[in-house]
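S.K.: Sharing a sequence plus its predicted fold:
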Amino acid sequence: MNAFTVQTLSGGGTVSNGTVAAAVVTPGTVGGAPQTLTTGGDLVLSNACEIAIDATADVSDQIVVSGTLTLPSNGHVTVTFPQGARMPATQHLFTFGALAGAPDLSSWTVALTPSGIYTATLVLGEHTIDLAYHARGTLIQIR
């Protein structure tokens with residue numbers, strides 16, 4: 001199997017079989033329509049990696065790893081969505097066959113643009129890492 005090391009992995013479609021190591025991952029293009037970036041093998045993310053995601057209320061960029069996703073202990077995800085969008089409770093960020101590295105995502109940060117409406121956290125599932133959106137504000141119930 002081949003191994004490739006790149007600074008930035010971006011675009012849509014499928015990267016051939018092998019292991020890809022990257023510091024920056026941007027499915028599709030920044031500010032473009034959400035797309036899926038698939039690796040036909042493994043993906044190894046470097047420490048303090050950066051992931052840039054475009055999202056709408058219906059769909060988001062997604063990274064599909066056919067093999068093993070290797071996570072560092074910390075990284076940063078930036079999510080850009082349209083002003084006024086009503087974001088769902090969760091959206092898939094990663095789908096993977098197996099996971100290696102840091103299963104604790106507490107040292108990862110998530111920044112949202114526009115800011116102020118939502119916060120977001122990363123949630124580890126059996127074969128996914130999801131973005132979980134949380135609306136900011138206070139609910140006042142009047143009786």
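M.R.: Cool, the structure landed. Quick caveat: nothing in here was measured; it's all calculated off a predicted structure. Numbers count the residues shown, from 1 in each chain.
S.K.: show me what contacts the residue most central in space within the chain?
M.R.: With distances taken as Cα atoms, centre = their mean, Leu93 lies nearest the centre of the chain, 3.6 Å away. Shown in contact with Leu93 (Cβ atoms under 8 Å, 6 or more residues apart in numbering): Ile51, Ile53, Ser60, Gln62, Ile63, Val77, Leu122, Thr128, Ile129, Asp130, Leu131. Using the backbone N, CA and C atoms, a C-beta is placed for each residue, glycine as well.
S.K.: Could you give me the buried positions within the host helix or strand of the second one?
M.R.: Read it as Ile53. Element membership of Ile53 [criterion: DSSP states H and E] is strand 42-54. The neighbour-count check on strand 42-54 (16 or more other Cβ atoms under 10 Å) flags Asp42, Leu43, Val44, Leu45, Cys49, Glu50, Ile51, Ala52, Ile53, Asp54 as buried.
S.K.: what distance separates that strand from the middle of the whole chain?
M.R.: Distance, stretch centre to chain centre, for strand 42-54: 8 Å (Cα atoms, centre = their mean, to the nearest Å).
S.K.: got the angle between the worst-scoring helix or strand of the chain on mean pLDDT and strand 42-54?
M.R.: For the chain, counting by mean pLDDT, DSSP states H and E, strand 3-11 ranks last in confidence among helices and strands (a mean of 87). Orientation of strand 3-11 against strand 42-54 (axes from the mean of the first three to the mean of the last three Cα atoms, to 10 degrees) gives an angle of 20 degrees.
S.K.: count of neighbours near His127?
M.R.: 14 (other Cβ atoms under 10 Å).
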